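Undergrad: please find the sequence and the predicted model below.
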Amino acid sequence: MITGITWIRPVSSATEFERLVSFFSALGFAPGRSWDQPAERAGVASRGRPFLAPLGNLELIDGEPPTMKTHLLVEVTELDAVHEVARRWLKQHGAEDRIEAAEETHWKSRLFTVEPIPGFKVAFWEWSDPLRGKAVALEGDLGAEGMRFAIVVARWNAVITERLLSGALDALLRSGARREQIEIARVPGSWEIPAAARKLAETGGFDAVIALGCLLRGETAHYEAIYNEVARGIGQSQQETGVPHSFGVLTCETLEQALDRAGLKGGNKGFEAAAAAIEMVSLARKIAGKAPTGAAVSA
Ligand code: DLZ
């Protein structure tokens, strides 16, 4: 039984590797289970960073139309938003000229090609027919231009929470938020997050609140009680203020597990929480835009 396809893309240097990891992360690919093989085991050190997509397929092509000369073809929704993220990434890496404008194809879709590193072309495309290939659903985008965020970060286990904060800022700034539109509030521990989150939400000055903390079971008396209360408090603040709150409070058995989720093997949950916040603000705005005249939907 065939269960999946993995397209292996060897790279020629560590720099190229880091660049591609950065590029695909910026584009919003979900990270898979990464691996690092020490030299002692296989004679040469190696590492892998998989990126996941909901669907994959192998397509053999005869005749090779020009658009198929790329090395990787990625189907997306919101092509223009993806183009903008890719363009910004290239600008940051001094390679603005390695992206093409999106163009119509002969197969009822739009497509653009980008070259994150010389010689490696990736094409992103979307169906032109709005109902084809797209989820028939309201969905938030990942563009954060013009959005205002409050981040509440606990000082307890700062070695973890500072990493979550860096991840969250990275996600917001890379998605187009401006630093002056991000307020950071520090609280002693996770227990204090809900109260601060609520105060910030109630000011009306923020489109979303991002909660970052870290509870370690082994080191936290009444771990379950604290965790439940923190989760409940953040949820309650979200429901009662109507301001989206994203949940970036790690609950781990050990410090090692927490480190994995704060930027090592398990991605960065601060980054993910910030991305969720952006998406929810965008979704709220779309829902507000759909409301019939006179209906009260607050974004
Ligand atoms: C007291 C405490 C303990 C034991 N463990 C943690 C933890 O793992 N993570 C965390 O964010 N905070 C912890 N705290 C502190 C409480 O959240 C709170 O700040 C204090 O009890 C003061 O109210």
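TA: Here it is on my side, so go on.
Undergrad: rest of the way, CA atoms for contacts and neighbours
TA: Will do.
Undergrad: contacts only, for residue 122.
TA: Contacts for residue 122 (CA atoms under 8 Å, 6 or more residues apart in numbering) come out as 70, 71, 72, 73, 74, 113, 114, 115, 116.
Undergrad: any idea how far the ligand is from residue 278?
TA: 24 Å (CA to the nearest ligand atom, to the nearest Å).
Undergrad: and residue 267, by the same measure?
TA: For residue 267, the distance to the ligand - CA to the nearest ligand atom - is 20 Å.
Undergrad: quick one, phi/psi of that residue?
TA: Backbone torsions for residue 267, taken as degrees, to the nearest 10, come to phi 80, psi -170.
Undergrad: residues touching it, list them.
TA: Counting by CA under 8 Å, 6+ apart, residue 267 makes contact with 31, 260, 261.
Undergrad: by neighbour count, which of the residues you listed wins?
TA: Among these, residue 261 has the most neighbours (other CA atoms under 10 Å), with 20 neighbours.
Undergrad: got the contact list for that residue?
TA: Taking CA under 8 Å, 6+ apart as the contact definition, residue 261 lies against 250, 267, 268, 269.
Undergrad: ok so, going back, tabulate the contacts of residue 267 (TSV), appending pLDDT and distance to residue 127.
TA: TSV is the format used below for the contacts of residue 267 (pLDDT from 0 to 100; distance: CA to CA, whole Å):
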residue	pLDDT	distance to residue 127
31	86	25
260	90	37
261	91	35
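Undergrad: before we move on, back to that, nearest to residue 288, of the contacts of residue 261?
TA: When the contacts of residue 261 are ranked by distance to residue 288 (CA to CA), residue 269 comes first, at 28.2 Å.
Undergrad: surely the closest one meets residue 251?
TA: No - using CA atoms under 8 Å, residue 269 is not in contact with residue 251; the gap is 11.1 Å.
Undergrad: looking at these two, which one has more neighbours?
TA: The residue with more neighbours, out of residue 269 and residue 251, is residue 269; 25 against 16, by other CA under 10 Å.
Undergrad: tell me the pLDDT at that one?
TA: Looking at residue 269, its pLDDT reads 96.
Undergrad: before we move on, back to that, JSON lines for the contacts of residue 261, including secondary structure?
TA: Output for the contacts of residue 261, formatted as JSON lines (DSSP: H, G, I helix; E, B strand; the rest coil):
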{"residue": "250", "secondary structure": "strand"}
{"residue": "267", "secondary structure": "coil"}
{"residue": "268", "secondary structure": "strand"}
{"residue": "269", "secondary structure": "helix"}
